[in-house]
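Trainee: What would the 3D arrangement of this be:
(chains A, B, C and D)
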There are 4 protein chains.
Amino acid sequence: MIIQLQPEVSSQELRDLQDFLNQISYKTKQVTTQKGSYLVGIGKREFDIRTVGFMPGVKDIHKVSDSYKLVSRKWKVDPTTVDLGDGVTISKGSLTLMAGPCSIEDEDQIRKTVDHLVESGIQIMRGGVYKPRSSPYSFRGLGLEGLKLWHKIAREAGIKIISEVMREAQITDMYDYVDIFQVGARNTQNFTLLDELGKIDKPVLIKRGISGTIDELLYSAEYVFSGGNEKLILCERGIRTYETSSRNTFDINAIPILKEKTHLPVIADPSHGIGIRDYVPAIALASVMAGADGVIYETHEIPHKAFSDGQQTVNFNQSHKLASGLREVYKLRKELLLN
Amino acid sequence: MIIQLQPEVSSQELRDLQDFLNQISYKTKQVTTQKGSYLVGIGKREFDIRTVGFMPGVKDIHKVSDSYKLVSRKWKVDPTTVDLGDGVTISKGSLTLMAGPCSIEDEDQIRKTVDHLVESGIQIMRGGVYKPRSSPYSFRGLGLEGLKLWHKIAREAGIKIISEVMREAQITDMYDYVDIFQVGARNTQNFTLLDELGKIDKPVLIKRGISGTIDELLYSAEYVFSGGNEKLILCERGIRTYETSSRNTFDINAIPILKEKTHLPVIADPSHGIGIRDYVPAIALASVMAGADGVIYETHEIPHKAFSDGQQTVNFNQSHKLASGLREVYKLRKELLLN
Amino acid sequence: MIIQLQPEVSSQELRDLQDFLNQISYKTKQVTTQKGSYLVGIGKREFDIRTVGFMPGVKDIHKVSDSYKLVSRKWKVDPTTVDLGDGVTISKGSLTLMAGPCSIEDEDQIRKTVDHLVESGIQIMRGGVYKPRSSPYSFRGLGLEGLKLWHKIAREAGIKIISEVMREAQITDMYDYVDIFQVGARNTQNFTLLDELGKIDKPVLIKRGISGTIDELLYSAEYVFSGGNEKLILCERGIRTYETSSRNTFDINAIPILKEKTHLPVIADPSHGIGIRDYVPAIALASVMAGADGVIYETHEIPHKAFSDGQQTVNFNQSHKLASGLREVYKLRKELLLN
Amino acid sequence: MIIQLQPEVSSQELRDLQDFLNQISYKTKQVTTQKGSYLVGIGKREFDIRTVGFMPGVKDIHKVSDSYKLVSRKWKVDPTTVDLGDGVTISKGSLTLMAGPCSIEDEDQIRKTVDHLVESGIQIMRGGVYKPRSSPYSFRGLGLEGLKLWHKIAREAGIKIISEVMREAQITDMYDYVDIFQVGARNTQNFTLLDELGKIDKPVLIKRGISGTIDELLYSAEYVFSGGNEKLILCERGIRTYETSSRNTFDINAIPILKEKTHLPVIADPSHGIGIRDYVPAIALASVMAGADGVIYETHEIPHKAFSDGQQTVNFNQSHKLASGLREVYKLRKELLLN
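Mentor: Residues are numbered from 1 along each chain as shown, chains lettered A, B, ... in the order given. Predicted coordinates:
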């Protein structure tokens, strides 16, 4: 159950509400985010919600049968809009593109990528400065200095930044230089990281775990939301299966299912989803047709020279065509309105 | 290696070819299909293919590094067209739609479905008369009599028929009443069934196994082709994974990968691919955007009254809109030409 | 629900029973096997089973909440013994070993294997004469002639034979020469094959599907049992997962779970279960410790020269030690009686 | 390549070594652990290792073809012994048992568990004070105060402690109160946590990821080892598959494979591996028979009243019998010496 509280709710009113809920065997958690205050009730007993609805301090109350609550569409049908400022928003009513290299490499690479994005009308640049790597001997990214340089160049061009955060200590370091914190597929269930991201006022994109379920992704978002941060974006990036012809199996089913279950925006990552450069466009286009609110993909001037993930990175020429194709597909999807 | 033989190749020329290949440690298999005669050579030794290319009786020769040969695009880049007669073809240059119920139930259901298909411009009707069921106590289909009735009604309306064959003995029974034999996901590696289907002159659609790899699907097609039947269609229908939010995980990656690996048409089955009615259109549209040559889906006048698979069956109204949406998507894909 | 019928049940009594069950919305299926006659009732309505229990012709009645019925331990707690004659039985009270090559190759190989088995006290020899192969160009087995030769040599030595049947037509051909028909992992859901095996009076071992669930394996057994053949053995042989360090993932969990769910004997196949020769003994021993009623494994005089599966085949020396180790483990398991 | 350095290697000698390796295109990483100093070389070029072997400061050099190096058995065949002090060691030559509740709940529960362990001769107690939970609304553990209380009681009884660490900050907090830091299945690839654990001088047990590969587990261990901590234990705890009859699929194959690939001790967690109380003993016994160096399982006085994981927790009576059974199995395995 989710109780939306009046902005001016008094602490006495709040205590009364909590007492009432505890009496009927509900545990409560108070949540205050950028957009409002909530009391989340966890319990199973049936009761007449109007009893609570009429109590002082209550703005609205909703039963939510899902075990994740705040991210569920069962209480908030309106899609969430994540606002990055300067007119850049991520939401159902538009198509968001994010592109860039797997790893930030050097100034030249940043400049060329930024130029390419500007030219292709892409407003958000992706890139890693802290890289999670299976082997401790692999390149682990340029770190904070790389991020600062990137931020300087991107800002001048009006480009927003999304980059992966791997540890709590990096949140403070990165805070001034990113527009979206990305939680990678290996950290989807790093609950301490999620807890910390709930405390900040900056958008967070959570990737689905390497073999995470759809519900686990929603729970991870619930961690951040119930920690106080509503600015959330979910990302399908392929799951681990027995099939070895592709790096991962892009779970296109997850897109319409997530769109039905949550009010949060859902983005597709076709680069990791299939892992083979020449097929990235097909999966990108398909994901938008299936209902994705945006696409994040890897692009590099000379993919085979990229420090990492070159095999799944499209070049700028492919990227330019892809961006325009994605917009056409999005336009057609809106016309069809099939779902 | 695939040697395309001259139509007028003599048996002496053929023996000479085989002798030569055996000498360089290649096993050979002679294949004669509706479209030509081939000698398939299986071996690893390197040799100058011109030596064979100039031997009498040889029309052309291709090295094929894949372990499946005849279905590979490495020797035949041109996409295969499967002709059902009366102007109905399945191939890269068009979009094929197949729709109908999971199970054929009775005359009324057949007539209503046929009418719906005619109205929606869909030329091929799907439906099961022999149903593979996990439990021996479930409804197993109307059998041959149901097929004959269906055939009569469909023919009058100019509708083609695709239906699943489960055992060799059914091939003869069904032969006069189907236009495409469907091999179901539980029979993809029923090699004795595949062997028999190689001996007939009627199109065969092979579904990917319940947890079959892309390569296994191609091998299964190779069975039928090397048995003598080139009229083949492949179908992605979702694979088994750990995710339980959907019935199967539709492997959208398989579509561009198969299109690259084989010259055979590739069809998508979104009904089994996601298994939830309301999301079938999203997956259908996405699969065409990803490159599918067609879509096969389940439709029924009143889905929740269907004998089987009602939960993944769209009603006629949804189907009508879907068919028209799919054509729009196909049109856009051809314009984009991104792959 | 399972009604065990009196041997002398009259057809009028049977009709009365069926009428009664139909009236309370149960579908019925009459099953007659080597051991008895049953009426299986499929339905959900609650009723007092004593009403049926007192009707004429009824020997006993059991509610079975599982959707598979005849193979469930919910009506038959006593473990089933499968008798191969000559004192060779497969059941809970003993440990059954089956060993032999992947493929039957020639007389010499058969003789040497038979000698090895006799020496090691193994009473059942495995071997394929019809081989299911992913590629149509691979060796497909010696066929019926190979089986006849094998049968002759094995019989002289008192060795029983288990071999895979791939198609219905082979059942008659093989009938006189095998002691157990094996249904391979690609045919676990070949329902037409299962239907036919239900009609014969010879033991059938069913392997779990390549990515079959435990329940699907039980359903497949239910097909054969409800077809009239109670002489059933189940076999865990590894499932397909994302892990590539081993050929399959041997699902050791399946052993105690199957033993709890069914009264049928459960055998382990460590050769396919892990697919790497040197680790086959570890998995074999573990499977017996986990509760398996027997083990089937691949052995060959010179594994790397085997026509197929050499990489997972132990040599005779390893096999000899393994057989004796398995008996020690079985003995210890009986002493521990932990489950 | 791994170069074991002389204890008294000079910094000039070290520089010379690094220079030489860099010249032949090897990247180097110097590693200093509790047991020695190493120079790990990452590269592919072939060269005569004797050239390096004779350079000053070098104690020994080994080529290691695996991409993980320090944890590989290719350079260190001798099994690693992890010493917890007071005569408690984990290694190939003995069987280590660890048991206890999923969550530490209160003093009474701790005392009863400690008593049970002492009585059953189990020297290490498991228990969670920081619990990773999919839902933010679930019980998250007693935290540091719980750990201190537990430590006090356990120390008095001579029982060692293993407990999960979830974040870097907890390492310092927990350091004085645990004997083994456990890295949970959701943190196997939390590389920042692994980096920090490489800096401490206390044993670390790493669980295989929820759907981690065997190689990924070895890489994660390589992180800690190359960070400076050799005191490592690996743990197989079941992987995520499509099968829903059990919580996870215990990958028994992983045990002999890991034992072959690494010199580190390998422990089995049957509680998470199957997730069903009554079958935990079968899997535990099987895992020891397959070669595990120890077992970690969940036990509780009254399992169904446990705060978490009750369904997979055995009671003290079952635990007592299991511990003694495991020792019998271990004894038999040593006699068989089959692998």
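
Trainee: Enumerate the residues of the stretch 51-200 of chain A near chain D.
Mentor: Within the stretch 51-200 of chain A, the positions adjacent to chain D are A:67-68, A:132-137, A:166-169, A:186-187, A:189-192 by C-beta under 8 Å from any C-beta of the partner chain. Bear in mind the C-beta positions are built from the backbone N, C-alpha and C, glycine included.

Trainee: Buried among the residues you listed? Need that as a selection in PyMOL.
Mentor: Buried residues within those, by 16 or more other C-beta atoms under 10 Å in any protein chain shown, are selected in PyMOL with:
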select buried, chain A and resi 68+132+133+134+135+136+137+166+167+168+186+187+189+190+191+192
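
Trainee: And for the spatially closest residue to A:Arg247 that is not a sequence neighbour, the neighbour number?
Mentor: Take A:Arg247 and drop its neighbours on the chain: the residue closest to it by C-beta to C-beta, 6 or more residues apart in numbering or on different chains is A:Gly275, 2.4 Å away. Here the number of neighbours of A:Gly275 (other C-beta atoms under 10 Å in any protein chain shown) works out to 21.

Trainee: quick one: contacts for A:Gly275?
Mentor: A:Gly275 is in contact with A:238, A:246-248, A:311-312, counting by C-beta atoms under 8 Å, 6 or more residues apart in numbering or on different chains.

Trainee: rerun at 7 Å
Mentor: Applying C-beta atoms under 7 Å, 6 or more residues apart in numbering or on different chains, we find A:Gly275 in contact with A:246-248, A:311-312.

Trainee: Restricted to strands, list those residues.
Mentor: Of the contacts of A:Gly275, none are assigned to strands by DSSP state E.

Trainee: how far away is the residue nearest to A:Arg247 from D:Leu197?
Mentor: 30 Å (C-beta to C-beta, to the nearest Å).

Trainee: Then A:Gly310?
Mentor: Taking C-beta to C-beta, one finds A:Gly310 at 31 Å from D:Leu197.

Trainee: Comparing those two, which shows the higher neighbour count?
Mentor: Neighbours were tallied for A:Gly310 and for D:Leu197 using other C-beta under 10 Å; the higher tally belongs to D:Leu197 (26 against 16).

Trainee: so who does the residue sitting furthest away from the middle of chain A touch?
Mentor: Using C-alpha atoms, centre = their mean, the residue of chain A lying farthest from its centre is A:Gln23. It sits 36.8 Å away. By C-beta under 7 Å, 6+ apart, the contact set of A:Gln23 is empty.

Trainee: Now do the helix or strand bottoming out on mean pLDDT in chain A: which elements does it pack against?
Mentor: Sorted by mean pLDDT, DSSP states H and E, the helices and strands of chain A end with helix A:49-53, the least confident at a mean of 88. Under the contact criterion of 3 or more C-beta pairs under 7 Å, 6 or more residues apart in numbering or on different chains; DSSP states H and E, helix A:49-53 touches strand A:58-62.

Trainee: Now do the contacts for the residue in the stretch 51-200 of chain A that chain B sits nearest to.
Mentor: Per C-beta to the nearest C-beta, A:Asp66 is where the stretch 51-200 of chain A lies closest to chain B, at 12.0 Å. The neighbours of A:Asp66, taking C-beta under 7 Å, 6+ apart as the test, are A:72, A:74.

Trainee: can you rerun that using 8 Å?
Mentor: A:72, A:74, A:218, A:261.

Trainee: quick one, phi psi at the last one?
Mentor: Translated: A:Lys261. A:Lys261 adopts backbone torsions of phi -80, psi -30, taken as degrees, to the nearest 10.

Trainee: That one touches A:Arg73, doesn't it?
Mentor: Yes. A:Lys261 lies in contact with A:Arg73 (C-beta atoms under 8 Å); the separation is 6.1 Å.

Trainee: So these two - more neighbours on which side?
Mentor: Neighbour tally, A:Lys261 and A:Arg73, criterion other C-beta under 10 Å: the higher count belongs to A:Lys261, 22 against 18.

Trainee: what about the lengthiest helix in chain A, near chain B?
Mentor: For chain A, the longest helix by residue count, based on DSSP state H, is helix A:316-336. Yes. Helix A:316-336 reaches chain B (C-beta under 8 Å from any C-beta) through A:321-322, A:325, A:328-329, A:332-333, A:335-336.

Trainee: quick one, what contacts the closest residue to A:Phe47 other than its chain neighbours?
Mentor: Leaving aside its sequence neighbours, A:Phe47 sits nearest to A:Ile24 (C-beta to C-beta, 6+ apart; 5.5 Å). Applying C-beta under 8 Å, 6+ apart to A:Ile24 gives the contacts A:43, A:45, A:47.

Trainee: And A:Ser11, by the same measure?
Mentor: Applying C-beta under 8 Å, 6+ apart to A:Ser11 gives no contacts.

Trainee: could you redo the last one with a cut-off of 10 Å?
Mentor: Residues in contact with A:Ser11 (C-beta atoms under 10 Å, 6 or more residues apart in numbering or on different chains) are A:Gly57.

Trainee: That one and B:Thr89, how far apart?
Mentor: 74 Å.

Trainee: quick one, helices of chain A?
Mentor: Using DSSP H, helices in chain A cover A:11-23, A:49-53, A:107-120, A:143-156, A:168-175, A:191-197, A:214-227, A:254-261, A:270-274, A:280-289, A:316-336.

Trainee: weakest of these by average pLDDT?
Mentor: Ranked on mean pLDDT, the bottom entry among those is helix A:49-53, at a mean of 88.

Trainee: buried residues in it?
Mentor: Buried, per 16+ other C-beta under 10 Å, within helix A:49-53: A:Val52.

Trainee: Can I get it in PDB, CA atoms only?
Mentor: Provided in PDB are the C-alpha atoms of helix A:49-53 (Å, rounded to 0.1, in the frame of the first residue of the first chain):
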ATOM      1  CA  ILE A  49      -8.700   1.700   2.500                       C
ATOM      2  CA  ARG A  50     -11.200   4.500   2.900                       C
ATOM      3  CA  THR A  51     -10.500   4.300   6.700                       C
ATOM      4  CA  VAL A  52      -7.000   5.500   6.000                       C
ATOM      5  CA  GLY A  53      -8.100   7.700   3.100                       C
END
